[in-house]
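1. how does the following fold in three dimensions:
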Amino acid sequence: MGDILAKPTLNALNRWNFGLGYGVLNSEQDRSDRAARAAGNLIVENWIVKLSHSQAAVCVALMVLSGFQTGVAQQAPAQAQSTQVSPTTPALQQPIDNNTKWNTGLPHAPEPTLTQPLYLRPTDRDYTNAHPFLPNPLDVFRSMPYPAPRLSNTPRLDNLLSGGKIYLSLTDAVTLALENNFDIEIARINLDIADTDILRAKAGSSLRGVSTGLVTNTLGGTTSTITGGGGPGGTTSGTGGSGAGAQGLVLSTSGGGPTPEAMDPVLTGTLEYQSQATQESSTVLTGTNSLNQATETYDVSYAQGFLTGTQLTVGFNNNRSTTNSERSSYSPLLTSNFSAQVTQHLLQGFGTFINGRFIIQAKNDRRITDSAFKQQLLYTVGQVESIYWALVSAYEDEQAKERALLQSTQLSSDNRKQLQIGTLAPLDVVNSDSAVATDQQALIASKSNLEYQQLLMVQAIARNLDDPQLATAPVVPTDRVGLDRLPEEDQTVEDLVKEAYVNNPQVEQAVLTMQNNLLTIRAEKNGLLPTLDVFGFYGGSGLGGSQNSNLNCGTGTTFTACPPGTVSGSNYAGVLGQTFNNSNPNYGVGANLTINLRNRTAQADQVRSQMEYRQSQIRLQQLYTQLRMQVTNGQFALTNDRAAVNAAQSVRDYAAQALDAEQKKYRLGASTTANVLQMERNLATAEDNLISATAAYARDRVSLEQILAITLDRYGINIEDVAKDRVQTPPHIPGLTAPKAPEAPKPLTATPPPPPQ
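-> Numbers count the residues shown, from 1 in each chain. Next up, the predicted model:
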């Protein structure tokens, strides 16, 4: 029998050594390595022949063979599926598409895909436009309300509660996160906040900015594959100065340059009544010792700026005054005048670009906010998936701990029965009881971890946990990760890198931020110029009223009232006619020139804006390098994780086979309690390793999709619907399988199993 078993065993070992020694090394390795492996084959052959003389030795040989089969299962897929070359293989020369925008001779990075559609609308109200002036001008003074946030859960979550448990699929988890997650809701409001900056820019006002960094307030499932955004307002005040920005970038000159004209018309009116009594030191000027005057003022003015750098100012002033002065011809005295002046900037502040640049920047900022919202979705969906797979791991770990406790408890019970009939020593019972206590402690710790993972899952997909049934309901994950190969595992690194360059929101935000830097550079360059304004004005005035009853026509100190008609009177209509009939014109032209002889402030800001732009260029190139490293590492991680899962599965199968064999030997009296307990520990460790390896593969798969920014498209998530807080179609997440119980141990055979796919 030994000879019969030894022959297939020897053949299997020969096949394993040939595949490992010659299939992997091939002609690239040194011939001495092949010779060493051939010598190793002879040693193994002699060892197997010697062991084949006894039946027990054959059993040992079969166990060794099963270990070799495990190695084959781990090595074969890596050889068949790996698309990577040796780390020491020289790189092949490839043609370079010269990048004319940067430096010739360097690869041309593809343009990023802008987040579409433009200006995601989270609400029905468009906050880039204010209340219309017509038909009701008073509407411009009416406040614009913003709807209160929804703080309740969507009905979808309540529908998943069945029998006191929440049966949660990964699709349900992602859908509920899109509906209820607080981080996404905060980022959703940022879209409308960015719209208010566009509205301010249309009026010629400066921008307030909006935070475009990631909101990371959801607990659990943290990841560092995507960093904070680079949009306006998304910076912090650093110790180095008020302009210290995110990721080491300085954004202090953003919005610098000449102040744009205020393009919202401003209407100003003044109504005033003033009564004044003045003690006079001489009667020469007024003819009285106490001058009493009452003045009424009715003024109105209109001002408006235009994109060309033009400012229009129109004023219309009216006064009515009474006096007891004997030297004033009119009481009441009516005066009226108007003036219209146009001022045009010719150097600093000239042109539609300078005065409209905030509108362009605000629209760029809105695009950055849209991209940041996409980035937030990628981050949060990835975070929820990580939490889900951590929950799956905790759930399976708890089941594994229960199986381990059941096995040790059964062994302890069997030992007590054998002790009662006198076929077992008391020390074996103590040993098995100790194993039961250890497994009970491990199960308690596993249950605590599972309960916490369930709480993390619920807080990530719910807005309100006031319902005690919902807050305490166990969450049962109904999906498991599949091991089907992803397309990204077989793509070249260069293809994946290009895909990341095109899709990753960070690249889009960096490019848009550089466009804003260019706007600032042009504005600061214009700010270097002197201020030269030309202006022209035209106006008119009128005067009239009634003859002053206190008018003195006498000579010396004798007061003689002037007879009626001495002064020709005029009512307000006549005064208004004089103002606008060109009878008293007032017109002119002129120019104002202001030259800063040192101009140091403008020079500092201008060169500083270029420095900030250079920083943005460096940051973009650094981002390209980081994405390349992350993509490469992500592909390596999937390859290693798949190998780890296959290896862990093989080790788990072997541990189950070994435990089954040891238990059978124990029942026949050919083994000991210690050996059985050791096999149980090996199986528990193997199951833990398999659970950890599977979870690592699931998380790294999510991470790579997140870096490539393909999660939304692959899952069918409509970003526009999410922005409007209306998830109409649940996502479809590929690569999932249903849970299945651990397989029973398979009998050992001399034929190696096929490589796992």
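
2. can you tell me the element D433 falls in?
-> Using DSSP states H and E, the element containing D433 is helix 426-461.

3. list of residues touching the following helix or strand past that helix?
-> Using DSSP H and E, the helix or strand that follows helix 426-461 in sequence is helix 468-472. If you take CB atoms under 8 Å, 6 or more residues apart in numbering as the criterion, helix 468-472 is touched by N153, L157, D158, L161, G164, I166, L455, V458, A462, L465. No exception for glycine: its C-beta is placed from N, CA and C like everyone else's.

4. what do you get if the cut-off is 6 Å, keeping everything else the same?
-> L465 (CB atoms under 6 Å, 6 or more residues apart in numbering).

5. mind saving the C-alpha coords of it as CSV?
-> The C-alpha trace of helix 468-472 is given here as CSV (Å, rounded to 0.1, in the frame of the first residue of the first chain):
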residue,chain,number,x,y,z
PRO,A,468,-35.2,53.1,20.6
GLN,A,469,-36.2,50.1,18.5
LEU,A,470,-34.3,51.4,15.5
ALA,A,471,-31.3,52.4,17.6
THR,A,472,-31.0,49.0,19.3
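
6. what's the helix or strand following it packed up against?
-> Note on helix 468-472: by DSSP H and E, the next helix or strand toward the C-terminus is strand 475-477. Packing contacts for strand 475-477, counted by 3 or more CB pairs under 6 Å, 6 or more residues apart in numbering; DSSP states H and E, involve strand 165-168, helix 352-420.

7. could you check the angle the helix holding D433 makes with helix 352-420?
-> For helix 426-461 against helix 352-420, the angle by axes from the mean of the first three to the mean of the last three CA atoms, to 10 degrees is 160 degrees.

8. Y330 pairs with what?
-> Q547 (DSSP bridges).

9. against N355, how distant is it?
-> 46 Å (CB to CB, to the nearest Å).

10. between the two, which one's more packed in?
-> Set side by side, Y330 and N355 show more neighbours around N355, with 24 against 20, by other CB atoms under 10 Å.

11. what number of residues lie near the residue nearest to the more buried one when sequence neighbours are not counted?
-> Once flanking residues are discounted, N355 sits nearest to P260: 4.2 Å by CB to CB, 6 or more residues apart in numbering. Around P260 there are 22 other residues, counting by other CB under 10 Å.

12. again, but for the one 5 residues further on
-> Using other CB under 10 Å, the number of residues around P265 comes to 12.

13. for T352, same thing?
-> Neighbours around T352, by other CB under 10 Å: 12.

14. do you know how far it is from L118?
-> T352 is 22 Å from L118, by CB to CB.

15. same check, this time on K363
-> To L118, K363 is 9 Å away according to CB to CB.

16. next: E662.
-> According to CB to CB, E662 stands 67 Å off from L118.

17. same question for S169.
-> 34 Å.

18. so which of these two has more stuff around it?
-> The neighbour comparison of S169 against L118 (other CB under 10 Å) goes to S169, with 18 against 10.

19. give me the low-pLDDT residue ranges for the stretch 651-757 of the chain?
-> 748-757 (pLDDT under 70).

20. do the same with the chain
-> Across the chain (using pLDDT under 70), the flagged ranges come out as 1-86, 94-109, 221-248, 556-557, 748-757.

21. let's see it at 50
-> For the chain, applying pLDDT under 50 flags the ranges 1-83, 98-102, 104-105, 223-245.

22. ranges for the helices of the stretch 101-250 of the chain?
-> Per DSSP state H, counting those that start in this stretch, the stretch 101-250 of the chain carries helices over the ranges 155-159, 170-180, 182-202.

23. of those helices, which is nearest S413?
-> Distance to S413, taken as CB to CB, is lowest for helix 170-180 among the helices of the stretch 101-250 of the chain, at 39.5 Å.

24. wait, G220 touches L456, no?
-> Yes. G220 lies in contact with L456 (CB atoms under 6 Å); the separation is 3.8 Å.

25. so for the two, which residues contact both of them?
-> Common contact partners of G220 and L456 (CB under 6 Å, 6+ apart): I387.

26. out of those two, which sits in the more crowded spot?
-> Counted by other CB under 10 Å, G220 and L456 do not tie: L456 has more neighbours, with 21 against 17.

27. so what's the more buried one up against?
-> L219, G220, I387.

28. format those residues as a markdown table; extra columns: distance to Q304.
-> Below are these laid out as a markdown table (distance: CB to CB, whole Å):
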| residue | distance to Q304 |
| --- | --- |
| L219 | 52 |
| G220 | 55 |
| I387 | 55 |
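
29. JSON lines for the helices and strands packed on strand 475-477, including distance to P747?
-> Putting the helices and strands packed on strand 475-477 into JSON lines (distance: least, CB to CB, whole Å) gives the following:
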{"stretch": "strand 165-168", "distance to P747": "36"}
{"stretch": "helix 352-420", "distance to P747": "20"}
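
30. winner for burial among those?
-> Mean neighbour count (mean count of other CB atoms under 10 Å) peaks for helix 352-420 among the helices and strands packed on strand 475-477, with a mean of 22.

31. what helix or strand is the residue nearest to N355 on?
-> P260 belongs to no helix or strand, assigned by DSSP H and E.

32. just Q603 next, same as before
-> helix 600-667.

33. run the chain-centre distance for that helix.
-> 19 Å (CA atoms, centre = their mean, to the nearest Å).

34. list the buried ones in whatever helix or strand comes next after that helix?
-> Next helix or strand after helix 600-667 toward the C-terminus (DSSP H and E): helix 673-708. For helix 673-708, a neighbour-count test (16 or more other CB atoms under 10 Å) marks 673, 675-677, 679-684, 686-691, 693-708 as buried.

35. stretch 721-730 too?
-> V722, A723, K724, D725, V727, P730.

36. just the terminal-to-terminal distance for it.
-> Length of stretch 721-730, first residue to last, CA to CA, to the nearest Å: 11 Å.

37. what does it contact?
-> Against stretch 721-730 from outside (CB under 6 Å, 6+ apart): L120, P122, T171, T175, L178, E179.

38. can you check stretch 196-207 too?
-> For stretch 196-207, contacts defined as CB under 6 Å, 6+ apart pick out Y127, T128, A130, G255, P260, E261, A262, M263, D264, F358, I359, A362.

39. run through the residues that contact the third one.
-> Read that as A130. L199.

40. and N582, what element?
-> Going by DSSP H and E, N582 is not in any helix or strand.

41. now the one 10 residues further on
-> When secondary structure is defined using DSSP H and E, the element that contains N592 is strand 585-594.

42. that strand pairs with which strands?
-> strand 531-547 (antiparallel).

43. what about the nearest residue to D397 once chain neighbours are set aside, distance to L690?
-> Once flanking residues are discounted, D397 sits nearest to S446: 5.1 Å by CB to CB, 6+ apart. Shown here: S446 relative to L690, a distance of 15 Å by CB to CB.

44. repeat that for V567.
-> In this view, V567 and L690 are 112 Å apart by CB to CB.

45. how about N582?
-> Distance from N582 to L690, by CB to CB: 98 Å.

46. same question for A661.
-> Applying CB to CB, the value for A661 to L690 is 20 Å.

47. in the helix or strand encompassing E524, which residues are buried?
-> When elements are assigned from DSSP H and E, E524 belongs to helix 505-526. In terms of neighbour count (16+ other CB under 10 Å), helix 505-526 has its buried residues at 505-514, 516-517, 519-524, 526.

48. over to stretch 486-501?
-> The neighbour-count check on stretch 486-501 (16+ other CB under 10 Å) flags L486, E488, E489, Q491, L496, V497, K498, E499, A500, Y501 as buried.

49. pull up the distance across it, start to finish.
-> End-to-end for stretch 486-501, by CA to CA: 20 Å.

50. now that stretch: how far from the chain's centre is it?
-> Here stretch 486-501 is found 22 Å from its chain centre; the criterion is CA atoms, centre = their mean.
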